[in-house]
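Enquirer: just a sequence and a predicted model for now, questions to come.
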Number of protein chains: 2
Amino acid sequence: MEKLRRLKTAESEKISHLDYFNIAISVDCVIFGYDKNELKVLLIKSDLEEFAGAYSLLGDLIRTDEDLDTASYRVLKERTGLDDVYLEQVHAFGALDRHPSGRVITIAYYSLVDISNHKLQLDTNELHWHPVHTIRKLAFDHKLILDTCMNRLQTQIMERPVIFNLLPEKFSLRELQKLYEEILGTELDRRNFRKKIAVKDWLQDLDEMESNLSHRPGKLYALKKEFRHKSVNA
Amino acid sequence: MEKLRRLKTAESEKISHLDYFNIAISVDCVIFGYDKNELKVLLIKSDLEEFAGAYSLLGDLIRTDEDLDTASYRVLKERTGLDDVYLEQVHAFGALDRHPSGRVITIAYYSLVDISNHKLQLDTNELHWHPVHTIRKLAFDHKLILDTCMNRLQTQIMERPVIFNLLPEKFSLRELQKLYEEILGTELDRRNFRKKIAVKDWLQDLDEMESNLSHRPGKLYALKKEFRHKSVNA
DNA sequence: AATTTAATGTGTTGTAAATACATATTTGTA
DNA sequence: TACAAATATGTATTTACAACACATTAAATT
């Protein structure tokens, strides 16, 4: 507030014109989860009459005392109770008509959470996990935002060890491969996939096996500690 | 304005709280040019006393009636007179203390212009081209923004035909290679470089030769028409 | 006119990475 | 104990990348 007062009184004529503060700014989070071999995204029923019945991403206006990453962490925390998740800024969306209630520019983030680990209070606040592939339309420009984040996710998982944020701590190579296939939308050769993963040297062999399966169990792996949670926000 | 009135009167209590409009939002453009075998960036002397003597990127607050891309095109047009340039959104920066005059969130763009083609009125408005490699510090967080855009540029030139926006319409392979080397900061093998470019199939052989050189002239090429100016702004 | 200079314009070969593909092994279950 | 279902792994082939050398052209110089 102190800063803003300085800005409005003492500063250049451009900045002080109140018109420029008539743009609101928000963050929207594309929260990906993985469950039952499906990539899912966390959506909420839109509360705007313009979009009655439609779902939207989780977002909120940015407060004057928090930076962009903090705002998206807050949204995530408030909505899901999670605070140890992967978050990455993707793109700013600012089309004039993107919000029916006025001019709102939004900064989109995607985040990755391990569904199995967490029980969200889903029903209480109309939050639901939706299979990404079944989503045809969303409120606002949120389908565009979802698609943009999905593209980003696809390129990121090939380059950096982010995908593990969707999995439980211990997982088999089969589970990992299934997840890659689900995100990329392709089938992968098991032998070549394992070679590729081996080369990256991301995984630690836990000397444990899967259990409670009706077939031969696979070894369990975990992401090496040094790779955990390294967000790149510029 | 009409929209905003609706927003402030009829809409949800969150959005209508005036506090949320106390954040200003701007665009900043990292305008790259290429001249005399050097990659340059267009800077302006900062007009804030906090940064007396320091240079800053070109930017402006976003108007309520223009979207993000439009705002950055406008900045470019107003400052340089150019309107046929390559522009790409890179990242949003929103640290609390990034602007000494108040809370300003900025969306950073990079753009590529062909210096030789254009005579800017540089001196009149304190605009100058600075060799990118010599820049140590800038006003605000603009050095961070510059570095972020530079990284993006480096990855983009390998993947998509954007680099040609820095060159005149006709160019030799030697000129192209020099530019790649300047941006990537490495030396490239001429034979391998030409093979790589040939595979991408971006270029049209013009059946013309360089002239006015004191050595053997090379063939001239142009970017194929179908690749010209395809910005990807999500 | 011959020579020098400085660049252009290819081609080959070796190495590393990506792909395609098949068989033996382990566990739980009928 | 035979079967179903998945694990675990190796090799041959193709493709991409890197390293490298020589003949050619035009202009400037002698």
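Expert: Nice, I can see it.

Enquirer: use CA for all of it now, contacts and neighbours both
Expert: Fine.

Enquirer: all the strands of chain A, residue numbers only.
Expert: A:24-35, A:38-45, A:55-56, A:58-61, A:86-93, A:104-112, A:127-131, A:203-209, A:219-223 (DSSP state E).

Enquirer: so which of those is nearest B:S116?
Expert: Comparing these against B:S116 with CA to CA, the closest turns out to be strand A:86-93 (32.0 Å).

Enquirer: check whether the closest one contacts chain B.
Expert: Yes. Against chain B, strand A:86-93 shows contacts by CA under 8 Å from any CA of the partner chain at A:Q89, A:V90, A:H91, A:A92, A:F93.

Enquirer: just the buried residues out of these, in ChimeraX syntax.
Expert: To isolate the buried members of these in ChimeraX, using 16 or more other CA atoms under 10 Å in any protein chain shown:
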select /A:89,90,91,92,93
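
Enquirer: can I get the residues of strand A:86-93 next to chain B in JSON lines including pLDDT and distance to A:L112?
Expert: What follows is the residues of strand A:86-93 next to chain B, written out as JSON lines (pLDDT from 0 to 100; distance: CA to CA, whole Å):
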{"residue": "A:Q89", "pLDDT": "98", "distance to A:L112": "12"}
{"residue": "A:V90", "pLDDT": "98", "distance to A:L112": "13"}
{"residue": "A:H91", "pLDDT": "98", "distance to A:L112": "17"}
{"residue": "A:A92", "pLDDT": "98", "distance to A:L112": "19"}
{"residue": "A:F93", "pLDDT": "98", "distance to A:L112": "21"}
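
Enquirer: of the residues of strand A:86-93 next to chain B, which is the nearest to DNA strand D?
Expert: Distance to DNA strand D, by CA to the nearest atom of the strand, is smallest for A:V90 among the residues of strand A:86-93 next to chain B, at 26.3 Å.

Enquirer: which of the residues of strand A:86-93 next to chain B sit farthest apart?
Expert: A:Q89 and A:F93 (11.8 Å).

Enquirer: name the residues contacting each of the two.
Expert: Listed contacts common to A:Q89 and A:F93 are A:I107, A:A108; contacts here mean CA atoms under 8 Å, 6 or more residues apart in numbering or on different chains.

Enquirer: now do the single longest helix found in chain A against strand A:104-112, angle only.
Expert: Scanning chain A for the longest helix, with DSSP state H as the assignment, gives helix A:142-159. Helix A:142-159 runs at 40 degrees relative to strand A:104-112, counting by axes from the mean of the first three to the mean of the last three CA atoms, to 10 degrees.

Enquirer: residue closest to the middle of chain A?
Expert: Most central in chain A under CA atoms, centre = their mean is A:S111, positioned 2.2 Å from the mean C-alpha point.

Enquirer: model confidence for that one, exactly?
Expert: Looking at A:S111, its pLDDT is 96.

Enquirer: report the helix or strand with the lowest average pLDDT across chain A.
Expert: For chain A, counting by mean pLDDT, DSSP states H and E, helix A:2-10 ranks last in confidence among helices and strands (a mean of 34).

Enquirer: the residue nearest to the centre of chain A contacts A:V90, correct?
Expert: No. Judged on CA atoms under 8 Å, A:S111 makes no contact with A:V90 at a distance of 10.2 Å.

Enquirer: quick one: contacts for the nearest residue to A:T106 once chain neighbours are set aside?
Expert: Spatial nearest neighbour of A:T106, excluding adjacent residues (CA to CA, 6 or more residues apart in numbering or on different chains): A:S26 at 4.5 Å. The contact partners of A:S26, taken as CA under 8 Å, 6+ apart, are A:G59, A:D60, A:L61, A:I62, A:V104, A:I105, A:T106, A:I107.

Enquirer: and what of A:D67?
Expert: Per CA under 8 Å, 6+ apart, neighbours of A:D67: B:G94, B:A95, B:L96.

Enquirer: go with 10 Å
Expert: Taking CA atoms under 10 Å, 6 or more residues apart in numbering or on different chains, we find A:D67 in contact with B:F93, B:G94, B:A95, B:L96, B:D97, B:R103, B:I105.

Enquirer: swap in A:I107?
Expert: Going by CA under 10 Å, 6+ apart, A:I107 touches A:25-29, A:59, A:62, A:68-69, A:72, A:89-94, A:145, B:91-93, B:107.
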